[in-house]
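Peer 1: Okay, here's the prediction I keep looking at, along with the sequence it came from:
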Amino acid sequence: RFLHALNYCMLLPGPEAMQLATYAGWLVHGVRGGLVAGLLFLLPGAAVLVALSVVYLLAGEVPVVQGLLFGLKAAVLAVVLEALVKVSKRALKNGWMVALAVAAFVAIAFLHLPFPLIVAGAALLGALGHVVASGRNGAASVEPAPATPVPDWARPSWPRFLRTSAVWLAVWLAPLGLLHAALGDGHVFSQEATFFSVMAAVTFGGAYAVLAWVAQQAVEVYGWLRPDEMLTGLGLAETTPGPLILVLAFVGFLGGARLSGLDPVLGGLGGALVALWFTFAPSFLFVFAGAPYVETVRHVRWLATALAAVTAAVVGVIANLALWFGLHVLFAEVGEVAFGPVLLAVPALSSLDPAAALIALAAGVALIRFRADMLLVLGAAALAGMVWMMPG
């Protein structure tokens with residue numbers, strides 16, 4: 001039953017860990033159970049991360065805090081590399097999958113193609129590949145589904161689907177419309193609401209897959225935070241309870257603090273709330289409205305093949321995230337060189353930070369080679385950063 005639920009949640013865009021918690025609650029107690037499970041999965045970590053965001057805003061220039069964050073940012077590079085290794089082993093089963101991963105890496109790292117386009121392209125290639133292969137060998141397109149008893153509210157029902165969809169679309173989209181009507185399209189809260197809504201609808205592949213796109217948009221397009229601050233947020237999110245995707249609360253917080261025109265703390269709290277609302281509200285819609293129907297197609301083989309292709313492409317996207325973070329962790333200056341449609345990030349080698357490189361290397365060896373506990377590694381990296389930044 002757990003694997004049945006997990007496979008369903010992997011079909012959905014958005015944070016699959018939170019969706020799995022919501023699904024578990026929904027399966028045993030309906031919508032009320034899903035709300036309790038999903039919200040309590042998120043709220044403790046969100047509260048801690050918002051509190052840390054306030055500390056960063058008010059005390060981020062204090063040397064001891066700077067040192068702690070310096071160490072965390074260096075260790076984050078190792079954490080992303082560890083994720084890349086794990087996902088690669090699971091997803092890249094053959095040369096075709098490796099080629100997809102490489103193509104996705106080139107598309108997002110050098111051609112700067114949009115993440116949603118890469119996901120859609122990989123899914124289409126996977127589905128077409130299955131059609132060609134099955135036509136060649138005459139394989140059936142649907143596997144027999146095991147007989148799994150489900151409660152009444154988990155059975156397909158069009159009236160329930162329409163009711164549930166109407167309620168949760170209103171929960172998601174009515175605040176979006178109100179923000180744009182009240183504040184205008186150019187206000188940071190309106191921009192965040194739109195951006196995180198789009199992100200929630202296209203983020204297949206988990207947090208690491210979407211963070212490169214979020215970093216690119218939040219840093220380079222909207223100017224909500226600096227590249228090193230994206231690393232800071234990821235380091236803070238790794239140390240808090242809850243899913244890694246809660247880093248988006250940090251992104252929303254800094255954008256609201258700096259661009260809302262309100263008191264920085266108040267504006268930051270508003271930005272964090274906007275980020276959380278529009279990231280997670282769509283997940284409740286997808287689980288409550290879609291679960292009974294997606295369950296019925298989970299054993300369609302072409303769909304499974306399309307999702308496997310998306311997972312392979314996600315490896316390339318995570319590799320781009322590792323490259324992006326690595327350049328901004330290890331080098332103080334990173335420029336760009338254009339060759340037609342190709343954009344290459346080129347670091348200034350003289351700006352290499354040896355302390356960051358040493359902490360990142362040590363963290364990588366501890367996590368990947370010795371499989372050390374992540375919180376212990378992050379704590380040691382933070383301590384090393386504080387010692388390095390200590391005055392005198």
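Peer 2: Arrived safely. Residues are numbered from 1 along each chain as shown.
Peer 1: Could you use CA atoms for every contact and neighbour count after this?
Peer 2: Fine.
Peer 1: Tell me which stretches of the stretch 201-350 of the chain form strands.
Peer 2: 334-339, 342-347 (DSSP state E, counting those that start in this stretch).
Peer 1: Point out the most buried one among the ones you listed.
Peer 2: Comparing these by mean neighbour count (mean count of other CA atoms under 10 Å), strand 342-347 ranks first with a mean of 14.
Peer 1: tell me the angle of that one relative to strand 334-339?
Peer 2: Between strand 342-347 and strand 334-339, the angle comes out at 150 degrees (axes from the mean of the first three to the mean of the last three CA atoms, to 10 degrees).
Peer 1: So what's the model's average confidence on the helix ranked longest in the chain?
Peer 2: The helix that spans the most residues within the chain, counting by DSSP state H, is helix 16-59. Confidence for helix 16-59, expressed as mean pLDDT, is 93.
Peer 1: Which strands or helices does that helix pack on?
Peer 2: On a contact count with 3 or more CA pairs under 8 Å, 6 or more residues apart in numbering; DSSP states H and E, helix 16-59 meets helix 2-11, helix 227-238, helix 247-259, helix 264-297.
Peer 1: now for those, which one comes closest to Lys93?
Peer 2: Of all those, helix 2-11 sits nearest to Lys93, with 18.0 Å by CA to CA.
Peer 1: Can I get the closest one in CSV? Just the C-alpha atoms.
Peer 2: The C-alpha trace of helix 2-11 is given here as CSV (Å, rounded to 0.1, in the frame of the first residue of the first chain):
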residue,chain,number,x,y,z
PHE,A,2,2.9,2.4,0.8
LEU,A,3,4.6,1.8,-2.5
HIS,A,4,1.2,2.1,-4.3
ALA,A,5,0.8,5.6,-2.7
LEU,A,6,4.5,6.6,-3.4
ASN,A,7,4.2,5.7,-7.1
TYR,A,8,1.0,7.8,-7.3
CYS,A,9,2.7,10.8,-5.7
MET,A,10,5.7,10.5,-8.1
LEU,A,11,3.2,11.0,-10.9
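Peer 1: How far does that helix sit from its chain's centre?
Peer 2: Centroid separation for helix 2-11 versus its chain: 18 Å, with CA atoms, centre = their mean, to the nearest Å.
Peer 1: Please list all residues in contact with Ala355.
Peer 2: Contacts for Ala355 (CA atoms under 8 Å, 6 or more residues apart in numbering) come out as Trp388.
Peer 1: And it, how far from Val28?
Peer 2: For Ala355, the distance to Val28 equals 51 Å [CA to CA, to the nearest Å].
Peer 1: hang on, the earlier thing: how big is the angle separating the next helix or strand after the longest helix of the chain from helix 227-238?
Peer 2: Using DSSP states H and E, the helix or strand that follows helix 16-59 in sequence is helix 63-91. Angle between the axes of helix 63-91 and helix 227-238 is 70 degrees (criterion: the same axes, to 10 degrees).
Peer 1: other SSEs contacting helix 63-91?
Peer 2: helix 227-238, helix 301-330, helix 354-364, helix 374-389.
Peer 1: send the alpha carbons of the last one over as PDB?
Peer 2: Output in PDB follows, covering the C-alpha atoms of helix 374-389 (Å, rounded to 0.1, in the frame of the first residue of the first chain):
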ATOM      1  CA  MET A 374      24.000  14.600   7.300                       C
ATOM      2  CA  LEU A 375      23.200  16.700  10.400                       C
ATOM      3  CA  LEU A 376      26.600  15.800  11.900                       C
ATOM      4  CA  VAL A 377      28.400  16.800   8.700                       C
ATOM      5  CA  LEU A 378      26.500  20.100   8.400                       C
ATOM      6  CA  GLY A 379      27.200  20.800  12.100                       C
ATOM      7  CA  ALA A 380      30.900  20.200  11.600                       C
ATOM      8  CA  ALA A 381      31.000  22.300   8.500                       C
ATOM      9  CA  ALA A 382      29.300  25.200  10.300                       C
ATOM     10  CA  LEU A 383      31.800  24.900  13.200                       C
ATOM     11  CA  ALA A 384      34.700  24.900  10.700                       C
ATOM     12  CA  GLY A 385      33.200  28.000   9.000                       C
ATOM     13  CA  MET A 386      32.900  29.800  12.400                       C
ATOM     14  CA  VAL A 387      36.500  29.000  13.300                       C
ATOM     15  CA  TRP A 388      37.700  30.200   9.900                       C
ATOM     16  CA  MET A 389      35.800  33.500  10.100                       C
END
